[in-house]
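Student: mind looking at a prediction? Sequence and model below.
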Amino acid sequence: MIHPIAFVILAAIAVAAALGMLLSRNAVHSALYLVLNFVTIAVFYLVLNAPFIAMVQITVYAGAIVVLFLFVIMLLGAERLRGQSDVRGGERFHQIAAIILSLGLIGTLAYLLLTGSAASSGTEAVATLDSSPQALGRTLFQSYVFPFEVTGILLLASIAGVVIFGHNRRRERGDNASGS
Amino acid sequence: MLPEVNVYWYVALSAVLFTIGTLGVLLRRNALILFMSVELMLNAANLLFVAFARFLGDLEGQVLVFFVITVAAAEVAVGLALVVAIFRTKHSTNIDEINLLKG
(Lines give C-alpha, C1' and ligand atoms only; values in the text may rest on other atoms or scores of the structure.)
Protein backbone atom coordinates (compact mmCIF):
# COMPACT_ATOMS: atom_id res chain seq x y z
CA MET A 1 0.00 0.00 0.00
CA ILE A 2 1.04 3.55 -0.64
CA HIS A 3 2.36 5.47 2.35
CA PRO A 4 -0.12 8.17 3.48
CA ILE A 5 2.48 10.95 3.16
CA ALA A 6 3.32 9.84 -0.39
CA PHE A 7 -0.40 9.82 -1.18
CA VAL A 8 -0.83 13.34 0.17
CA ILE A 9 2.15 14.66 -1.82
CA LEU A 10 0.91 13.05 -5.04
CA ALA A 11 -2.63 14.29 -4.44
CA ALA A 12 -1.32 17.81 -3.80
CA ILE A 13 0.62 17.70 -7.08
CA ALA A 14 -2.44 16.47 -8.98
CA VAL A 15 -4.68 19.17 -7.49
CA ALA A 16 -2.06 21.88 -8.02
CA ALA A 17 -1.65 20.84 -11.66
CA ALA A 18 -5.44 20.87 -12.13
CA LEU A 19 -5.64 24.35 -10.59
CA GLY A 20 -2.78 25.51 -12.81
CA MET A 21 -4.73 24.20 -15.82
CA LEU A 22 -7.80 26.08 -14.64
CA LEU A 23 -6.13 29.38 -13.78
CA SER A 24 -3.38 30.00 -16.32
CA ARG A 25 -4.27 32.48 -19.03
CA ASN A 26 -2.09 30.90 -21.68
CA ALA A 27 -3.71 27.85 -23.28
CA VAL A 28 -0.32 26.21 -23.89
CA HIS A 29 0.45 26.43 -20.16
CA SER A 30 -2.93 24.85 -19.46
CA ALA A 31 -2.15 21.92 -21.76
CA LEU A 32 1.24 21.39 -20.10
CA TYR A 33 -0.28 21.47 -16.60
CA LEU A 34 -2.77 18.91 -17.89
CA VAL A 35 0.14 16.63 -18.87
CA LEU A 36 1.51 16.86 -15.33
CA ASN A 37 -1.92 15.98 -13.93
CA PHE A 38 -2.22 12.96 -16.25
CA VAL A 39 1.24 11.68 -15.32
CA THR A 40 0.46 12.03 -11.61
CA ILE A 41 -2.73 10.04 -12.08
CA ALA A 42 -0.70 7.41 -13.98
CA VAL A 43 1.49 7.08 -10.87
CA PHE A 44 -1.69 6.51 -8.85
CA TYR A 45 -2.65 3.76 -11.32
CA LEU A 46 0.74 2.11 -10.77
CA VAL A 47 0.19 2.17 -7.02
CA LEU A 48 -3.34 0.82 -7.47
CA ASN A 49 -2.06 -2.37 -9.14
CA ALA A 50 -3.00 -1.28 -12.69
CA PRO A 51 0.33 -1.01 -14.56
CA PHE A 52 -1.17 -1.51 -18.01
CA ILE A 53 -3.75 1.23 -17.49
CA ALA A 54 -0.95 3.52 -16.32
CA MET A 55 0.97 2.97 -19.55
CA VAL A 56 -2.18 3.45 -21.64
CA GLN A 57 -2.87 6.63 -19.70
CA ILE A 58 0.55 8.03 -20.55
CA THR A 59 0.51 7.04 -24.22
CA VAL A 60 -3.09 7.96 -25.02
CA TYR A 61 -3.77 10.92 -22.71
CA ALA A 62 -0.39 12.54 -22.14
CA GLY A 63 0.78 11.50 -25.59
CA ALA A 64 -1.97 11.60 -28.17
CA ILE A 65 -4.71 13.79 -26.69
CA VAL A 66 -2.53 16.59 -25.32
CA VAL A 67 -0.47 16.66 -28.53
CA LEU A 68 -3.75 17.08 -30.41
CA PHE A 69 -4.65 19.95 -28.08
CA LEU A 70 -1.28 21.62 -28.61
CA PHE A 71 -1.58 21.22 -32.39
CA VAL A 72 -4.97 22.91 -32.41
CA ILE A 73 -3.87 25.69 -30.03
CA MET A 74 -0.86 26.53 -32.17
CA LEU A 75 -2.78 26.07 -35.41
CA LEU A 76 -5.35 28.63 -34.32
CA GLY A 77 -2.83 30.89 -32.60
CA ALA A 78 -5.32 31.06 -29.75
CA GLU A 79 -2.86 30.63 -26.92
CA ARG A 80 -3.52 34.02 -25.38
CA LEU A 81 -6.89 35.28 -24.35
CA ARG A 82 -7.69 38.69 -25.70
CA GLY A 83 -7.11 41.72 -23.47
CA GLN A 84 -5.91 39.69 -20.51
CA SER A 85 -2.30 39.43 -19.43
CA ASP A 86 -0.88 36.32 -17.83
CA VAL A 87 -0.94 35.66 -14.11
CA ARG A 88 1.13 38.08 -12.01
CA GLY A 89 4.79 37.29 -12.34
CA GLY A 90 4.18 35.74 -15.75
CA GLU A 91 6.66 33.22 -17.07
CA ARG A 92 8.74 33.31 -13.90
CA PHE A 93 5.82 32.06 -11.80
CA HIS A 94 5.18 29.19 -14.20
CA GLN A 95 8.86 28.23 -14.27
CA ILE A 96 9.03 28.02 -10.47
CA ALA A 97 5.71 26.18 -10.22
CA ALA A 98 6.75 23.67 -12.90
CA ILE A 99 10.12 22.99 -11.22
CA ILE A 100 8.58 22.48 -7.78
CA LEU A 101 5.75 20.25 -9.01
CA SER A 102 7.93 18.06 -11.25
CA LEU A 103 10.61 17.66 -8.56
CA GLY A 104 7.90 16.58 -6.14
CA LEU A 105 6.53 14.10 -8.65
CA ILE A 106 9.95 12.62 -9.48
CA GLY A 107 10.91 12.40 -5.80
CA THR A 108 7.71 10.62 -4.82
CA LEU A 109 7.89 8.29 -7.82
CA ALA A 110 11.51 7.40 -7.00
CA TYR A 111 10.54 6.73 -3.38
CA LEU A 112 7.64 4.50 -4.47
CA LEU A 113 9.77 2.55 -6.94
CA LEU A 114 12.68 2.10 -4.51
CA THR A 115 10.50 0.90 -1.65
CA GLY A 116 8.50 -1.38 -3.98
CA SER A 117 5.17 0.25 -3.14
CA ALA A 118 4.39 0.58 -6.84
CA ALA A 119 4.53 -3.17 -7.21
CA SER A 120 1.74 -3.30 -4.63
CA SER A 121 3.09 -6.08 -2.42
CA GLY A 122 0.40 -5.75 0.20
CA THR A 123 -0.54 -8.48 2.58
CA GLU A 124 -4.29 -8.43 1.99
CA ALA A 125 -5.99 -10.87 -0.35
CA VAL A 126 -6.97 -8.37 -3.03
CA ALA A 127 -3.32 -7.58 -3.67
CA THR A 128 -3.02 -10.89 -5.52
CA LEU A 129 -5.51 -9.70 -8.17
CA ASP A 130 -4.03 -10.52 -11.56
CA SER A 131 -4.01 -7.26 -13.53
CA SER A 132 -1.64 -8.27 -16.31
CA PRO A 133 -2.54 -7.30 -19.89
CA GLN A 134 -3.43 -10.95 -20.54
CA ALA A 135 -6.00 -11.02 -17.74
CA LEU A 136 -7.40 -7.67 -18.83
CA GLY A 137 -7.74 -8.86 -22.42
CA ARG A 138 -9.45 -12.06 -21.31
CA THR A 139 -12.00 -10.08 -19.29
CA LEU A 140 -12.48 -7.64 -22.15
CA PHE A 141 -13.16 -10.30 -24.77
CA GLN A 142 -15.19 -12.62 -22.57
CA SER A 143 -17.58 -10.25 -20.81
CA TYR A 144 -17.41 -7.06 -22.87
CA VAL A 145 -17.40 -8.14 -26.52
CA PHE A 146 -20.52 -6.18 -27.47
CA PRO A 147 -19.36 -2.87 -25.89
CA PHE A 148 -16.05 -3.43 -27.67
CA GLU A 149 -17.82 -3.63 -31.03
CA VAL A 150 -19.89 -0.54 -30.22
CA THR A 151 -16.65 1.30 -29.42
CA GLY A 152 -15.36 0.37 -32.86
CA ILE A 153 -18.47 1.86 -34.47
CA LEU A 154 -18.07 4.99 -32.33
CA LEU A 155 -14.49 5.42 -33.51
CA LEU A 156 -15.58 4.97 -37.13
CA ALA A 157 -18.31 7.58 -36.69
CA SER A 158 -15.89 10.02 -35.08
CA ILE A 159 -13.41 9.57 -37.95
CA ALA A 160 -16.19 10.35 -40.44
CA GLY A 161 -17.26 13.37 -38.38
CA VAL A 162 -13.73 14.76 -38.15
CA VAL A 163 -13.21 14.38 -41.90
CA ILE A 164 -16.51 16.15 -42.63
CA PHE A 165 -15.80 19.00 -40.20
CA GLY A 166 -12.19 19.37 -41.23
CA HIS A 167 -13.01 19.51 -44.93
CA ASN A 168 -12.76 23.11 -46.11
CA ARG A 169 -15.51 23.28 -48.72
CA ARG A 170 -15.37 27.02 -49.27
CA ARG A 171 -11.71 27.10 -50.18
CA GLU A 172 -12.15 24.24 -52.63
CA ARG A 173 -15.02 26.02 -54.35
CA GLY A 174 -12.95 29.22 -54.44
CA ASP A 175 -10.09 27.35 -56.12
CA ASN A 176 -12.46 25.96 -58.76
CA ALA A 177 -13.98 29.39 -59.39
CA SER A 178 -10.61 31.05 -59.80
CA GLY A 179 -9.39 28.21 -61.99
CA SER A 180 -12.31 28.30 -64.46
CA MET B 1 0.46 6.53 13.88
CA LEU B 2 -0.69 7.55 10.45
CA PRO B 3 -4.01 6.20 9.18
CA GLU B 4 -3.84 3.72 6.32
CA VAL B 5 -4.81 4.82 2.83
CA ASN B 6 -8.18 3.34 1.99
CA VAL B 7 -10.65 3.84 -0.83
CA TYR B 8 -12.14 6.99 0.72
CA TRP B 9 -8.87 8.89 0.18
CA TYR B 10 -9.18 8.17 -3.51
CA VAL B 11 -12.86 9.12 -3.50
CA ALA B 12 -11.95 12.47 -1.94
CA LEU B 13 -9.14 13.12 -4.44
CA SER B 14 -11.39 12.17 -7.32
CA ALA B 15 -14.12 14.47 -6.03
CA VAL B 16 -11.69 17.39 -5.79
CA LEU B 17 -10.39 16.82 -9.32
CA PHE B 18 -13.92 16.47 -10.67
CA THR B 19 -14.94 19.70 -8.97
CA ILE B 20 -11.98 21.56 -10.49
CA GLY B 21 -13.01 20.22 -13.89
CA THR B 22 -16.59 21.38 -13.34
CA LEU B 23 -15.35 24.82 -12.30
CA GLY B 24 -13.28 24.96 -15.47
CA VAL B 25 -16.32 24.19 -17.62
CA LEU B 26 -18.41 26.79 -15.79
CA LEU B 27 -15.87 29.61 -15.43
CA ARG B 28 -13.60 29.56 -18.46
CA ARG B 29 -14.78 30.93 -21.80
CA ASN B 30 -12.08 29.45 -24.03
CA ALA B 31 -13.47 26.39 -25.85
CA LEU B 32 -10.08 24.63 -25.69
CA ILE B 33 -9.84 25.03 -21.91
CA LEU B 34 -13.40 23.73 -21.71
CA PHE B 35 -12.34 20.51 -23.43
CA MET B 36 -9.33 20.18 -21.14
CA SER B 37 -11.64 20.50 -18.13
CA VAL B 38 -13.88 17.75 -19.52
CA GLU B 39 -10.79 15.56 -19.84
CA LEU B 40 -9.97 16.28 -16.21
CA MET B 41 -13.45 15.18 -15.14
CA LEU B 42 -13.15 11.96 -17.16
CA ASN B 43 -9.80 11.34 -15.50
CA ALA B 44 -11.31 11.76 -12.05
CA ALA B 45 -13.91 9.13 -12.96
CA ASN B 46 -11.17 6.81 -14.26
CA LEU B 47 -9.21 7.16 -11.04
CA LEU B 48 -12.30 6.14 -9.09
CA PHE B 49 -12.86 3.12 -11.37
CA VAL B 50 -9.30 1.89 -10.83
CA ALA B 51 -9.40 2.57 -7.09
CA PHE B 52 -12.57 0.55 -6.65
CA ALA B 53 -11.22 -2.22 -8.88
CA ARG B 54 -8.24 -2.40 -6.54
CA PHE B 55 -10.13 -2.31 -3.27
CA LEU B 56 -12.96 -4.63 -4.33
CA GLY B 57 -10.56 -7.05 -6.03
CA ASP B 58 -12.50 -6.95 -9.32
CA LEU B 59 -10.84 -6.51 -12.71
CA GLU B 60 -13.92 -5.19 -14.52
CA GLY B 61 -13.34 -1.66 -13.24
CA GLN B 62 -10.06 -1.58 -15.15
CA VAL B 63 -11.78 -2.83 -18.31
CA LEU B 64 -14.30 0.01 -18.11
CA VAL B 65 -11.44 2.51 -17.99
CA PHE B 66 -10.50 1.41 -21.51
CA PHE B 67 -13.93 2.32 -22.79
CA VAL B 68 -13.79 5.71 -21.06
CA ILE B 69 -10.37 6.43 -22.58
CA THR B 70 -11.61 5.46 -26.06
CA VAL B 71 -14.70 7.64 -25.80
CA ALA B 72 -12.58 10.52 -24.47
CA ALA B 73 -10.19 10.27 -27.41
CA ALA B 74 -13.06 10.23 -29.93
CA GLU B 75 -14.76 13.15 -28.14
CA VAL B 76 -11.60 15.26 -28.20
CA ALA B 77 -11.00 14.58 -31.89
CA VAL B 78 -14.54 15.57 -32.88
CA GLY B 79 -14.63 18.51 -30.48
CA LEU B 80 -11.36 19.98 -31.69
CA ALA B 81 -12.48 19.58 -35.31
CA LEU B 82 -15.60 21.56 -34.37
CA VAL B 83 -13.47 24.25 -32.70
CA VAL B 84 -11.33 24.55 -35.83
CA ALA B 85 -14.43 24.75 -38.05
CA ILE B 86 -15.95 27.46 -35.83
CA PHE B 87 -12.66 29.37 -35.72
CA ARG B 88 -12.68 29.55 -39.53
CA THR B 89 -15.90 31.55 -39.54
CA LYS B 90 -15.78 33.44 -36.22
CA HIS B 91 -12.00 33.86 -35.74
CA SER B 92 -12.47 33.23 -32.03
CA THR B 93 -12.55 30.32 -29.57
CA ASN B 94 -14.60 32.27 -27.04
CA ILE B 95 -17.84 30.37 -26.50
CA ASP B 96 -19.73 33.57 -25.64
CA GLU B 97 -19.27 34.74 -29.22
CA ILE B 98 -20.77 31.58 -30.70
CA ASN B 99 -24.36 32.86 -30.85
CA LEU B 100 -25.31 32.59 -34.52
CA LEU B 101 -28.52 30.70 -33.72
CA LYS B 102 -29.84 33.58 -31.60
CA GLY B 103 -31.55 35.37 -34.50
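Tutor: That came through fine.
Student: contacting residues for residue 2?
Tutor: You didn't pick a chain, so chain A it is. Neighbouring residues of residue A:2 by CB atoms under 8 Å, 6 or more residues apart in numbering or on different chains: A:10, A:47, A:112, A:117, B:5. All C-beta atoms are positioned from the backbone trio N, CA, C, and that covers glycine.
Student: not what I meant, chain B
Tutor: Residue B:2 neighbours (CB under 8 Å, 6+ apart): A:3-5.
Student: closest one of the residues you listed to residue A:133?
Tutor: The closest of the contacts of residue B:2 to residue A:133 turns out to be residue A:3 (CB to CB; 27.3 Å).
Student: how near is the closest one to chain B?
Tutor: Noted for residue A:3: a distance of 8 Å to chain B, by CB to the nearest CB, to the nearest Å.
Student: next one: phi and psi at that residue?
Tutor: Dihedral angles of residue A:3 (phi, psi; degrees, to the nearest 10) stand at phi -70, psi 140.
Student: do residue B:30 as well
Tutor: The phi and psi values for residue B:30, taken as degrees, to the nearest 10, are phi -90, psi 130.
Student: and it, bridged to which residues?
Tutor: In this structure, residue B:30 bridges to residue B:94 when assessed by DSSP bridges.
Student: neighbours of it, how many?
Tutor: Using other CB atoms under 10 Å in any protein chain shown, residue B:30 is surrounded by 22 other residues.
Student: relative to residue B:23, how far out is it?
Tutor: 14 Å (CB to CB, to the nearest Å).
Student: would you list the contacts of residue B:2 in JSON lines and tack on pLDDT?
Tutor: Below are those laid out as JSON lines (pLDDT from 0 to 100):
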{"residue": "A:3", "pLDDT": "82"}
{"residue": "A:4", "pLDDT": "85"}
{"residue": "A:5", "pLDDT": "88"}
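Student: so which bits of the helix or strand encompassing residue A:68 are buried?
Tutor: Secondary-structure assignment from DSSP states H and E places residue A:68 in helix A:66-76. Along helix A:66-76, these residues count as buried under the neighbour rule (16 or more other CB atoms under 10 Å in any protein chain shown): A:66, A:68-70, A:72-73, A:76.
Student: residues contacting that helix, please?
Tutor: Residues from elsewhere that reach helix A:66-76 (CB under 8 Å, 6+ apart): A:27-28, A:31, A:34-35, A:38, A:79, B:32, B:35-36, B:76-77, B:80, B:83-84, B:87, B:93.
Student: report the distance from the helix or strand just after it to the chain centre.
Tutor: Sequence order places helix A:91-115 as the next helix or strand after helix A:66-76, per DSSP H and E. Computed by CA atoms, centre = their mean, to the nearest Å, the separation of helix A:91-115 from the middle of its chain amounts to 17 Å.
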